[in-house]
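J.: sequence and computational prediction follow.
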Amino acid sequence: MASMGEEIGNQSDPTMCYVVNIVNTDGMWRAENPLVKSLPVFILQVAITLLAIRLHLLILKPLRQPRFISEILAGLALYPGIMSIGDNVAMKVFPYESLVVLETAANLGLVFHVFLIGLEMDLNSVNMARGRAFSIAIAGIIIPLGLGIGSFFWLKGDQNPSLNAGGAILWGLSVTVTGVHTVTRVLSSLKLLHSDLGKLAMSSSIINEIFLWAILAVTIPITNKFETSGLAVLVTAGFVLFSIFAVRPGIRWVLKKNPEGERLTEGQIFLILAGVLMSAVATDACGSYSIIGAFVFGLVFPTGDRATEIMEKLEDMVTGILVPLYFVTCGIRINVESLMDSDTVVKVVVVVAILCFAKIMSSLLVHVLFNMSIQDGFGLGLVLNSKDIMALVILNIGRDTLRFNTEMYTVMVAAMVVMTGIVVPLMNLVYQPRARFLRYRNRNRSLEKSQADGDLRILTCLHQIRNVPGIISLLEASNPNPRSPVNVCALHLVELTGRASAMLMIQNSQNSITAQAPQAPPHPKSTQAQSDQIVTAFRELQRRHHAVSVQSLTVMSPYATMDEDICNIAEDKQVSLALLPFHRQQTADGQMEEEGNSAVRRVNQKVLANASCSVAVFVDRGFGSLGYPHRRICMFFFCGPDYREALSYSWRMAGHPTAMLTVIRFIPSEKAADLQTLEDVTDDFDGILTAIAEYENQKSLDDEFMENFRIKTSGDENILYSEIVLNNGEETVTAIRGMEHNYDLYVVGKGQKVLSPLTAGLNEWSECPELGEIGDILVTSEFASTSSVLVIQQSGGATMAEPGSPAGSENGEDLNGFEHPNWRSDGENDAFDPFTRNTGRENGWSV
């Protein structure tokens with residue numbers, strides 16, 4: 001009987017043998033093991049990989065470790081030797097015959113991941129880089145490369161003569177890698193992203209990565225086959241030129257086919273993805289590596305909203321599913337048992353020490369040349385030690401081409417994990433950002449105590465485009481003028497999520513309000529587009545009003561720590577007022593949303609609790625749509641420092657030539673201010689006495705402040721003052737609801753520092769306690785008015801009397817004889833008062 005092979009060979013037609021059930025199985029009904037089939041095994045591997053990474057992310061979250069660490073450790077945890085403890089789990093879940101499918105999918109994900117890296121790369125970073133960033137990037141390549149090559153030959157010794165210079169170069173390149181995204185997230189977690197150190201680190205890491213790709217494109221052909229390396233390099237360079245001068249214009253032509261402002265069509269997305277794969281195949285055929293072509297295609301892709309849209313479409317599949325498989329393949333290649341050997345541990349420690357020293361020394365040398373502090377140099381060197389997936393890619397290239405063995409591969413991967421893992425703890429020791437944040441909470445600044453002839457510094461926070469018109473209108477109403485200008489720091493707050501966010505963060509790390517406008521109108525729904533529109537809107541505000549200066553920043557941060565960014569920037573900019581948008585937006589019918597954004601609400605609550613400056617929550621009900629002749633402002637005054645702060649800001653707005661201010665003071669009757677009223681809200685007798693003493697103290701300060709206000713504004717026809725005497729909180733609600741609400745803006749204090757008889761007990765019914773009792777009443781759905789509301793809280797404890805300190809002191813300091821900056825003695829009548837009405841046309845305002 002002839003064999004099957006002979007039968008096949010004798011047939012005239014070609015015949016293919018194919019096992020039908022290789023990917024499909026009904027083994028459960030046949031009592032078969034479904035894990036012998038390729039598809040079920042692959043699906044199980046993907047599921048286990050994602051679960052392992054998520055578990056490590058949760059474990060390392062308190063340590064603020066970057067995702068790179070969790071992914072590597074998850075890959076190590078899936079190493080067959082570890083999974084085999086107790087039984088033969090590894091051989092069932094990761095059988096050897098399944099590794100071909102796993103590595104194929106992992107490398108496909110790597111190709112698209114590298115395309116995304118090129119897509120977000122901004123070559124203008126090199127042109128905009130200053131001497132320091134460029135010098136640090138170059139020194140961060142040369143010195144670590146040299147020490148890395150030296151450490152390679154030290155590890156190789158005399159036992160591996162086959163390992164040559166090609167492996168040393170790849171080893172050295174893996175050392176020079178600085179992971180841009182890892183650096184971004186490390187700086188963000190440490191709240192240093194927008195500091196001088198953070199901007200310098202971001203610029204240096206971007207330049208480092210650009211140069212690294214250029215070196216890698218030349219190195220890979222050399223390490224593959226030295227005899228044909230010259231031709232391979234020339235052909236690869238030709239491909240790069242072809243991509244720049246032919247592919248890039250072709251992409252622009254394809255994108256122009258899409259109507260302006262519309263999303264990409266399925267056909268356009270198909271062509272783009274096909275271009276990625278064809279570029280990868282082209283460079284692989286040239287003798288280079290497939291990732292070079294994918295990177296170049298991403299690099300020549302036009303930047304802007306189209307690039308962001310491609311990222312948003314690919315991110316979940318590539319970063320969330322395919323790339324984690326690459327870390328699993330790396331974990332399978334590692335010899336974890338060798339890490340238990342003391343000699344290997346010593347090698348890892350030595351390599352970490354040498355390579356960390358290389359980055360730190362290169363930064364310190366540049367810092368010495370530019371007369372910078374040693375602390376900044378040391379911290380920058382630590383941050384630049386952060387690695388990402390590109391370091392693993394280079395090591396895998398070396399291992400696949402047999403340029404170094406499994407032991408050296410294991411040592412280097414372990415060293416990278418340690419180097420990246422120690423960055424956050426050591427930076428906490430060097431810079432102590434958390435301690436700095438806690439110190440900021442003890443510093444207090446307020447409008448009530450600001451200098452009369454100084455500038456007003458305001459920090460505005462914007463989550464979306466809808467926040468912009470109302471806040472800009474409010475800034476214009478703040479009476480900016482040459483003698484008391486308004487300095488604005490506009491923060492676009494974006495949740496830090498994936499690569500699209502990281503791209504925006506990298507691009508904005510070097511941009512400011514003076515950046516060039518985008519060449520093409522971006523899609524209105526993209527994050528980059530919103531940032532560009534916000535910058536443009538505030539640039540226009542600065543153009544219209546010469547007394548307004550603006551600095552625009554985009555802050556990328558998780559909602560859980562976004563308040564720390566706001567508070568730190570407020571302290572760095574020394575602002576007097578942080579302006580926050582309310583978490584609910586106005587609907588089409590004029591009502592407020594029922595729930596709103598709960599994450600934004602938590603951010604507002606944390607800022608109110610921790611900010612060192614005064615904080616205002618702005619409830620916008622169309623204030624941005626009003627023209628200059630329509631600013632009717634009403635200020636409700638009850639008792640305490642928050643209301644004095646609110647009146648100080650209202651007083652300043654009253655200086656605008658188009659503003660009309662009405663101040664209504666609610667005064668408790670003698671019956672309202674008795675002990676029984678306070679007993680209704682507290683059972684603690686000592687607490688009652690303390691509340692009464694504080695109330696009397698604040699009432700005295702209120703009387704003095706209000707008397708001065710009435711004297712200074714007695715001749716101003718556009719400022720009206722009235723008083724209402726009430727007995728309790730119920731009468732307060734009735735009086736407010738019974739008023740004629742023909743005002744555009746209500747300004748009130750939060751009023752949480754002092755227990756007033758007229759607001760006692762109202763907080764029990766509050767829907768939004770962060771607005772205070774009166775602010776909540778004005779915003780509630782039962783309130784008939786559709787006017788905008790501004791709720792102001794004075795900087796924490798600025799005027800509260802502490803035990804053992806004089807009444808009216810700040811942090812225990814005696815403020816006796818303190819004169820409010822709005823108050824003028826008789827001999828200072830000719831001095832400038834920014835709170836008086838501006839009647840000129842100095843800033844483009846028409847009277």
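T.: Right, received. Where do you want to start?
J.: mind listing the strands for this protein?
T.: Using DSSP state E, the strands of the chain run over 456-462, 486-495, 548-557, 577-581, 614-619, 631-637, 659-668, 719-726, 745-749, 788-793.
J.: mind putting these into TSV with mean pLDDT and distance to Leu73?
T.: Just so you know, the C-beta spots here come from the backbone N, C-alpha and C atoms, and that holds for glycine as well. Supplementary listing: those in TSV, determined by pLDDT from 0 to 100; distance: least, Cβ to Cβ, whole Å:
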stretch	mean pLDDT	distance to Leu73
strand 456-462	93	36
strand 486-495	90	25
strand 548-557	86	24
strand 577-581	94	38
strand 614-619	94	40
strand 631-637	91	56
strand 659-668	91	60
strand 719-726	91	64
strand 745-749	93	51
strand 788-793	93	44
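J.: now render the ones you listed as JSON lines, adding distance to Asn763 and mean neighbour count.
T.: Formatted as JSON lines, the entries for these read as follows, by distance: least, Cβ to Cβ, whole Å; neighbours: other Cβ atoms under 10 Å:
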{"stretch": "strand 456-462", "distance to Asn763": "25", "mean neighbour count": "26"}
{"stretch": "strand 486-495", "distance to Asn763": "28", "mean neighbour count": "23"}
{"stretch": "strand 548-557", "distance to Asn763": "30", "mean neighbour count": "22"}
{"stretch": "strand 577-581", "distance to Asn763": "20", "mean neighbour count": "26"}
{"stretch": "strand 614-619", "distance to Asn763": "16", "mean neighbour count": "26"}
{"stretch": "strand 631-637", "distance to Asn763": "16", "mean neighbour count": "24"}
{"stretch": "strand 659-668", "distance to Asn763": "16", "mean neighbour count": "21"}
{"stretch": "strand 719-726", "distance to Asn763": "17", "mean neighbour count": "15"}
{"stretch": "strand 745-749", "distance to Asn763": "14", "mean neighbour count": "27"}
{"stretch": "strand 788-793", "distance to Asn763": "14", "mean neighbour count": "27"}
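J.: dump the ones you listed to JSON lines, plus distance to Ser38.
T.: Formatted as JSON lines, the entries for these read as follows, by distance: least, Cβ to Cβ, whole Å:
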{"stretch": "strand 456-462", "distance to Ser38": "51"}
{"stretch": "strand 486-495", "distance to Ser38": "39"}
{"stretch": "strand 548-557", "distance to Ser38": "40"}
{"stretch": "strand 577-581", "distance to Ser38": "53"}
{"stretch": "strand 614-619", "distance to Ser38": "57"}
{"stretch": "strand 631-637", "distance to Ser38": "70"}
{"stretch": "strand 659-668", "distance to Ser38": "74"}
{"stretch": "strand 719-726", "distance to Ser38": "79"}
{"stretch": "strand 745-749", "distance to Ser38": "67"}
{"stretch": "strand 788-793", "distance to Ser38": "62"}
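J.: out of those strands, flag the one nearest His113.
T.: Ranking those by their distance to His113 (criterion: Cβ to Cβ) puts strand 548-557 first, at 19.9 Å.
J.: direction included, what does that closest one pair against?
T.: Looking at strand 548-557 with DSSP bridges, its paired strands and their directions are strand 486-495 (parallel).
J.: just the angle between the partner strand and strand 456-462, please?
T.: An angle of 20 degrees separates the directions of strand 486-495 and strand 456-462 when computed by axes from the mean of the first three to the mean of the last three Cα atoms, to 10 degrees.
J.: can I get strand 486-495 in CSV, CA atoms only?
T.: Extracted as CSV, the C-alpha positions of strand 486-495 are listed here (Å, rounded to 0.1, in the frame of the first residue of the first chain):
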residue,chain,number,x,y,z
VAL,A,486,-6.4,90.7,35.0
ASN,A,487,-3.9,87.9,34.6
VAL,A,488,-5.7,84.7,33.5
CYS,A,489,-4.3,81.2,33.6
ALA,A,490,-6.8,79.1,31.5
LEU,A,491,-6.7,75.4,32.2
HIS,A,492,-8.3,73.0,29.8
LEU,A,493,-8.9,69.9,32.0
VAL,A,494,-8.8,66.6,30.2
GLU,A,495,-9.2,63.2,31.7
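J.: how near is the spatially most central residue of the chain to His194?
T.: The C-alpha lying nearest the average C-alpha coordinate of the chain belongs to Met556 (Cα atoms, centre = their mean; 1.3 Å). Using Cβ to Cβ, to the nearest Å, one obtains 10 Å as the distance from Met556 to His194.
J.: now Thr420
T.: 22 Å.
J.: any idea what Leu720 is bridged to?
T.: When bridges are called by DSSP bridges, Leu720 pairs up with Thr662.
J.: same check, this time on the one 5 residues further on
T.: Applying DSSP bridges to Val725 yields these beta-bridge partners: Ile667.
J.: what sits against it?
T.: Neighbouring residues of Val725 by Cβ atoms under 8 Å, 6 or more residues apart in numbering: Ile667, Pro668, Ser669.
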